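Undergrad: This is the structure alone, sequence omitted:
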């Protein structure tokens, strides 16, 4: 009974604290931040400032660029393996790695093909995510009130998508693209099976 009473009190304190937030955006941001600070009850907002925005078009374009970058990195690894194989009598290990790398390239190609079609109908005006700089004060491990700063992506309805301490660690394509995750799984399976034309399977 005492345990149940303690849980109820903790819930009420948390509820009252969250209800004191100035906005839904702050409440959602604090919910994402909460696991990162030792004493959430010491939290005090300094500011939440919008610093950038992302359109549907930009989100898809950035996702494409991520796959292009991965392909470039994979091609570089293939070159390394070919150089490593030079002069060796047994190059079976290098050939296995190269074979896997080509599977990765074909997988990225399939996803780029799918995203290209999505890009063709994406809005260049409709904002799908807003980047915020989130400043606050909190009680640090030394027991002193300290300033903190995180960055996060949120949807226009104030749903927090991703939060990180370093801005460069934010996903450049944070908003999920309908059908993308499913096709990623399918593309990987098809690439593993070494289908002749992965891209052709997504044309319909």
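TA: Good, I have the coordinates. Keep in mind that what you see is a predicted model, and the values were worked out from it rather than measured.
Undergrad: Tell me the predicted confidence for the residue nearest the centre of the chain.
TA: Nearest to the mean C-alpha position of the chain, by C-alpha atoms, centre = their mean, lies residue 171 at 4.2 Å. On the pLDDT scale, residue 171 is placed at 97.
Undergrad: what secondary structure does the residue nearest to it when sequence neighbours are not counted sit in?
TA: Counting by C-beta to C-beta, 6 or more residues apart in numbering, the nearest residue to residue 171 once its immediate chain neighbours are dropped is residue 162, at 5.7 Å. Using the backbone N, CA and C atoms, a C-beta is placed for each residue, glycine as well. What DSSP: H, G, I helix; E, B strand; the rest coil gives for residue 162 is strand.
Undergrad: Can you give me the neighbour number for residue 62?
TA: By other C-beta atoms under 10 Å, 16 other residues sit near residue 62.
Undergrad: From residue 115, how far out is it?
TA: From residue 62 across to residue 115, the span is 10 Å (C-beta to C-beta, to the nearest Å).
Undergrad: hang on, isn't the residue nearest to the centre of the chain packed against residue 152?
TA: No. Using C-beta atoms under 8 Å, residue 171 is not in contact with residue 152; the gap is 10.9 Å.
Undergrad: who touches both of those two?
TA: residue 162 (C-beta atoms under 8 Å, 6 or more residues apart in numbering).
Undergrad: And stretch 71-79, what's buried?
TA: Neighbour-count burial for stretch 71-79 flags 71, 74, 78 (criterion: 16 or more other C-beta atoms under 10 Å).
Undergrad: how far does it sit from the chain's center?
TA: 23 Å (C-alpha atoms, centre = their mean, to the nearest Å).
Undergrad: which element is residue 136 on?
TA: Taking DSSP states H and E as the definition, residue 136 sits inside strand 127-139.
Undergrad: Give the pairing partners of that strand; include direction for each.
TA: strand 44-55 (antiparallel), strand 145-154 (antiparallel) (DSSP bridges).
Undergrad: and after the helix or strand of the chain with the lowest mean pLDDT, which helix or strand comes next?
TA: For the chain, using mean pLDDT, DSSP states H and E, the weakest element among its helices and strands is helix 2-19, scoring a mean of 39. Next in sequence after helix 2-19, counting helices and strands by DSSP H and E, comes helix 24-33.
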